[in-house]
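Asker: Below is the structure, and that's it, no one-letter string:
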């Protein structure tokens, strides 16, 4: 005897069960996909957070390194000033920065004065007696006035060895010594030192020529040619 063919009534339960199973599987797949997306998103967020933290630390470190470099440059940049002493017969030299300590200096004068360089150790200074006689003669040869109406300028080359935080540094720069010259009642003239001002830094090769060029510029061209 042959089996009877299934009727729609007998197929419905199996079909409905299969549909429900398929739908449940689809839902599970959607949840798995959503979970994967969330997991990937979490990884990306974590990576972004780590990168932002690293970037911020890197920027901070770079900024700190730049500031340290600027501070080191400032510390190693020497600017000299001076205070008149002994009635203007001497200038006591000091540094603009308090953390710099002058160890030794060499003071060089323009070749036109014919004055040898002077070296100081432990007591940075410029004394009028080192050059005043030669300066008076040079002014006389140049036809410059006997008396100052304001501050005159004498260029000098100052080579300095100084310390900052236990480290040695060297500086070579052109400075102007401010001075006045006045006639005395019984004859002659007195040179009174007023101060010190930075002109510019110079290299070892052009230091001497820069010093002499500065002197030539400060001496009136017509008077200097006589």
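Answerer: Structure received. Keep in mind that what you see is a predicted model, and the values were worked out from it rather than measured.

Asker: Where do the domain boundaries of this structure fall?
Answerer: Using automatic domain parsing, the domains assigned to the chain come out as 10-76, 79-224.

Asker: and among those, the most buried is which?
Answerer: Greatest average neighbour count among the domains of the chain goes to domain 79-224 (a mean of 16), per mean count of other C-beta atoms under 10 Å. Any C-beta I mention is one placed from the backbone N, CA and C, and that applies to glycine too.

Asker: could you give the mean pLDDT of it?
Answerer: Looking at domain 79-224 alone, the average pLDDT works out to 91.

Asker: So what's the gap between it and the chain middle?
Answerer: 26 Å (C-alpha atoms, centre = their mean, to the nearest Å).

Asker: cool, stretch 50-57 as well?
Answerer: How far stretch 50-57 lies from its chain's middle: 29 Å, per C-alpha atoms, centre = their mean.

Asker: average pLDDT for that stretch?
Answerer: On average, stretch 50-57 scores 78.

Asker: residue contacts, residue 81?
Answerer: For residue 81, the contacting residues are 93-96, 195-196, by C-beta atoms under 8 Å, 6 or more residues apart in numbering.

Asker: Parallel or antiparallel, list what pairs with the longest strand along the chain.
Answerer: In the chain, with assignment by DSSP state E, the single longest strand is strand 167-183. Looking at strand 167-183 with DSSP bridges, its partner strands are strand 152-164 (antiparallel), strand 189-201 (antiparallel).

Asker: Now render these as CSV, adding distance to residue 115.
Answerer: Shown next, in CSV, are the strands paired with strand 167-183 (distance: least, C-beta to C-beta, whole Å):
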stretch, distance to residue 115
strand 152-164, 10
strand 189-201, 13
